[in-house]
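>>> here is my input; please provide its structure:
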Amino acid sequence: MFWGCALLVLATFVAYLPSLRGAFLWDDDGHLTRADLRSLGGLLRIWVEVGATQQYYPVLHSAFWLEHRLWGDATLGYHLVSVLQHAANACLFALVLRRLAVPGAWAAAALFALHPVGVESVAWISEQKNTLSALFYLSAALAWLRFDANRRPAAYAAASGLFVLALLTKTVTASLPAALLVVTWWRRGRIEWRRDVAPLLPWFVVGALTGLLTAHFERELIGAQGAEFELGAVGRGLLAARVPWHYVLTLVAPVDLTFIYPRWTVDAGTWWQWLFPLATLGALAAGVGLARRGRRAGLAAALLFGGTLFPVLGFVNVYPFLFSFVADHFQYLASLALFALAGAGVAAALARFGRGATLGAFAAVLAVLAALTWQRAGVYRDEATLWRDTLARNPDCWMAHNNLALVLLADGRAAEAVPHLEAALRLRPNFPEALNNLAGQYVDQGRAAEARALAEKALALLPRYPDALNTRGRALLALGDAAAATRSFEDAVRLNPRFATAWCNLGLAAMNRGQPAEALPHFQRAAELDPARAPNEFFVGATLLQLQRAAEAVPHFQRALALDEDYALAHFQLALALRQLGRLAEANEHYRAAVELNPALGR
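Alright, predicted model coming up:
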């Protein structure tokens, strides 16, 4: 047992080595612990304040809280934990299968550990909710099987506690009690109300309550509602029949995996879409037929697979449906059922074809899967690589175009970013984020009137959108309407009081109106909220200098230069302040630095 698990852990770490160098991706900043939650008081808020985190998953966010205390913003620690959790899940999976006397337990665990569909859950830090919840899910299943054998209250309490921890990490684990009943039916051929169902009733109730809470969060706070989610009863049925077949295909032939798959058009008038429910009904009928002859494994695996996928089949809305109805991380738990079936198939092949041929073929399969996992894990090393890979496989992914543009803008490559923003809007004209992002670039290009129109369209779609209010304010300021710009910036900071950029722009609007005394507290607030941004400190200093408070201005210019030593204007303004204070030698030094960096300042 020990050596089997050790070998699994080693193989998993080797396959996932490229992921250890990965950076933070996409919405990681929305899941990892915010600055205001990093104290002990913040940890308490994670548990008692619904809405303090993106979703009410307090065990997950407590884990992230602890990880931040241990290694801060260093991604290596997070990735090591994710890989270790995945390897531990593979070992627990083997233990559960051995407890159930399922043949080929270690083969199934190896497939789960090394299959590339797991990469999204392991290499993407946000999806620690998958790897950690699976750890509790499988531990709860193992504890339940122990209780099923001895019927001791302590074993039941342990299993129940682990199930609650799983739910408080990710509510997709609410499927566990139903899965346990399927396993019971597979083992015994029947389910007894008093022995099997009654002890699980509290689990069903708690699972349903947490599932309803998560559905509320998805709909009301995250935005899983609107025209894109209106599929109708028939459409949802067609979608639910199609989704499992996609996941079966990716498990059997994992050669074209991508971070965001093309979003299907669900259309009851398209004849071939009805083939999926027909295939599903046919597969279930075949499973029922085999079960009647005592061969229940196939039907049990199908029920476990489909039942675990239930939350993402389309019957309830989840936010990612906005851009795709399927995602690799959705099947992390569900895939266990088919891996168990495949492991049993390997055991049957051993008996039929002999040890040498079967083990050789299986080793080759594992080697191919590990190589695919290695390659796929490398895609998650940074956002630019991830979004380029997504667009290579899904060129019409408007989300990827927008997100790649943001990466390029952060690298100062605006000329490359703008075509991606324009592509995103061609594909999805009513995309508020892309409208706002392109508007911001148009302001920078001197196209303020076009920028204002785009920002107004974004606000028509999303009226309480602070970023678009800020961008509209920038456009208005460029158009010479400082009063209207001020109102727009004020609306932005009212909606998001921690919006440092909007506070800074509010200060610029006041300066534009010739009111430096009014501008100063706005710049100070921006510097307080975002002390790592050099312009925030610069504007505080420049305003103090204009108010004839040179001595107070100097430290702000110095802090700006500590953040950006090549900040020419900060050198120049610091030289002016030092001259007013009679510190001529220092002033001349900074003046020379300013002119060297920007010769126009010396004219």
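
>>> make it CA atoms for all contacts and neighbour counts henceforth
Fine.

>>> wait, Gly602 sits on Val595?
Yes: using C-alpha atoms under 8 Å, Gly602 makes contact with Val595 at a distance of 5.4 Å.

>>> please identify which of the two sits among more neighbours.
Val595 (17 against 11; other C-alpha atoms under 10 Å).

>>> so which strand or helix has that one?
helix 584-597 (DSSP states H and E).

>>> for that helix, list the C-alpha coordinates in PDB.
Extracted as PDB, the C-alpha positions of helix 584-597 are listed here (Å, rounded to 0.1, in the frame of the first residue of the first chain):
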ATOM      1  CA  LEU A 584      20.500  73.500  -4.900                       C
ATOM      2  CA  ALA A 585      23.000  70.600  -5.200                       C
ATOM      3  CA  GLU A 586      20.300  68.000  -4.800                       C
ATOM      4  CA  ALA A 587      18.000  69.900  -7.100                       C
ATOM      5  CA  ASN A 588      20.600  70.100  -9.800                       C
ATOM      6  CA  GLU A 589      21.200  66.300  -9.500                       C
ATOM      7  CA  HIS A 590      17.500  65.500 -10.100                       C
ATOM      8  CA  TYR A 591      17.200  68.100 -12.800                       C
ATOM      9  CA  ARG A 592      20.100  66.400 -14.700                       C
ATOM     10  CA  ALA A 593      18.400  63.000 -14.200                       C
ATOM     11  CA  ALA A 594      15.100  64.400 -15.500                       C
ATOM     12  CA  VAL A 595      16.600  65.900 -18.700                       C
ATOM     13  CA  GLU A 596      18.600  62.700 -19.300                       C
ATOM     14  CA  LEU A 597      15.400  60.700 -19.200                       C
END
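
>>> tell me how far Glu589 lies from Leu454.
Between Glu589 and Leu454 the computed distance is 45 Å (C-alpha to C-alpha, to the nearest Å).

>>> ugh, wrong one, I meant Asp196
59 Å.

>>> more neighbours: which of these two?
Between Asp196 and Leu454, counted using other C-alpha under 10 Å, Leu454 has the larger neighbour count: 24 against 17.

>>> what residues of stretch 313-325 count as buried?
Neighbour counts over stretch 313-325 (16 or more other C-alpha atoms under 10 Å) mark 313-315, 317-319, 321-323, 325 as buried.

>>> same check, this time on stretch 331-351
331-347, 349-350.

>>> what sits up against that stretch?
93, 97, 102-109, 111-112, 117-118, 121, 130, 134, 247, 251, 297-298, 301-302, 304-309, 358-359, 362 (C-alpha atoms under 8 Å, 6 or more residues apart in numbering).

>>> one more time with 6 Å, if that's ok
103-104, 107-108, 301, 304-305, 308-309, 358 (C-alpha atoms under 6 Å, 6 or more residues apart in numbering).

>>> swap in stretch 139-149?
Outside stretch 139-149, the residues that reach it (C-alpha under 6 Å, 6+ apart) are 96, 155-156, 159, 162-163.

>>> quick check: mean pLDDT across that stretch?
Averaged over stretch 139-149, pLDDT sits at 97.

>>> dump that stretch to CSV, restricted to CA.
Backbone C-alpha positions of stretch 139-149 (Å, rounded to 0.1, in the frame of the first residue of the first chain) are rendered in CSV as follows:
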residue,chain,number,x,y,z
SER,A,139,-12.2,10.8,2.9
ALA,A,140,-15.9,11.1,3.8
ALA,A,141,-16.7,8.2,1.4
LEU,A,142,-14.0,6.0,3.1
ALA,A,143,-15.3,6.9,6.6
TRP,A,144,-18.8,6.1,5.5
LEU,A,145,-17.8,2.7,4.2
ARG,A,146,-16.1,2.1,7.6
PHE,A,147,-19.4,3.1,9.3
ASP,A,148,-21.4,0.8,6.9
ALA,A,149,-19.3,-2.1,8.2
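
>>> among the buried residues of stretch 331-351, which are located in helices?
335-347, 349-350 (DSSP state H).

>>> in the buried residues of stretch 313-325, find the pair that's most separated.
Phe315 and Phe323 (16.5 Å; C-alpha to C-alpha).

>>> name the nearest residue to Arg263, ignoring sequence neighbours.
Ser324 (4.3 Å; C-alpha to C-alpha, 6 or more residues apart in numbering).

>>> on that earlier part again, in helices only, show me the buried residues of stretch 313-325.
Going by DSSP H, the helices hold none of those.

>>> identify, from those residues, the entry nearest to Asp28.
For Asp28, the closest of the buried residues of stretch 313-325 turns out to be Tyr319, at 15.6 Å, with distances computed as C-alpha to C-alpha.

>>> helices of the stretch 501-603 of the chain, residue ranges please.
Using DSSP state H, counting those that start in this stretch, the helices of the stretch 501-603 of the chain run over 516-529, 534-546, 550-563, 568-580, 584-597.
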